[in-house]
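Visitor: Return atomic coordinates for the entry below.
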Amino acid sequence: QVQLVESGGGLVQAGDSLRLSCAASGHTSSTHTIGWFRQAPGKAREFVAAIGWGGTFYAEPVKGRFTVSRDNAQSLVYLQMNSLKPEDTAVYYCAARRGWYNLARQGDYDYWGQGTQVTVSS
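Guide: Residues are numbered from 1 along each chain as shown. This is a model prediction of the structure:
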């Protein structure tokens, strides 16, 4: 079992930055792929970014603004979000899985955190 806990969400203004953290515990491994997803009000949950043995991968809407990184020694994964826009407002989730393929497919992730709210005001 792997437990994931997100933190770092909050209320910011458009153009601001925010860094989310995903703390992993349990049977974690540096080989796990960690994905970030988000769900805006009234919308389906969508892929944001992932990090794993294959490197990093981003969804088009966040490419160039968001950066995912990890600290294996601390079992932490970060999502640095810059130039935030109101449309980035959502609950952000981290998730863990094995493998580096179909990264945007939610069903391939085995473990999920509870989410952290990010609100960007205009």
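Visitor: The helix or strand that residue 117 is a member of: which residues count as buried?
Guide: Applying DSSP states H and E as the criterion places residue 117 in strand 116-121. Within strand 116-121, the residues scored as buried using 16 or more other Cβ atoms under 10 Å are 116, 118-120. Just so you know, the C-beta spots here come from the backbone N, C-alpha and C atoms, and that holds for glycine as well.
Visitor: Can you list the strands that that strand pairs with?
Guide: Neighbouring strands of strand 116-121 in its sheet, by DSSP bridges, are strand 10-13 (parallel), strand 90-97 (antiparallel).
Visitor: Please work out which of the ones you listed is packed deepest.
Guide: Ranked by average neighbour count under the criterion mean count of other Cβ atoms under 10 Å, the strands paired with strand 116-121 are headed by strand 90-97 at a mean of 23.
Visitor: if I look at residue 50, how far off is residue 27?
Guide: Here the criterion is Cβ to Cβ, to the nearest Å. By it, residue 50 lies 20 Å from residue 27.
Visitor: and what of residue 85?
Guide: Distance from residue 85 to residue 27, by Cβ to Cβ: 37 Å.
Visitor: Comparing the two, which shows the higher neighbour count?
Guide: Ranked by neighbour count (other Cβ atoms under 10 Å), residue 85 and residue 27 place residue 85 first, with 14 against 10.
Visitor: roughly how far apart are that one and residue 70?
Guide: Distance, residue 85 to residue 70, by Cβ to Cβ: 25 Å.
Visitor: Not counting residues beside it along the chain, what's closest to residue 115?
Guide: In this structure, residue 115 finds its nearest non-sequential neighbour in residue 91, 4.2 Å apart by Cβ to Cβ, 6 or more residues apart in numbering.
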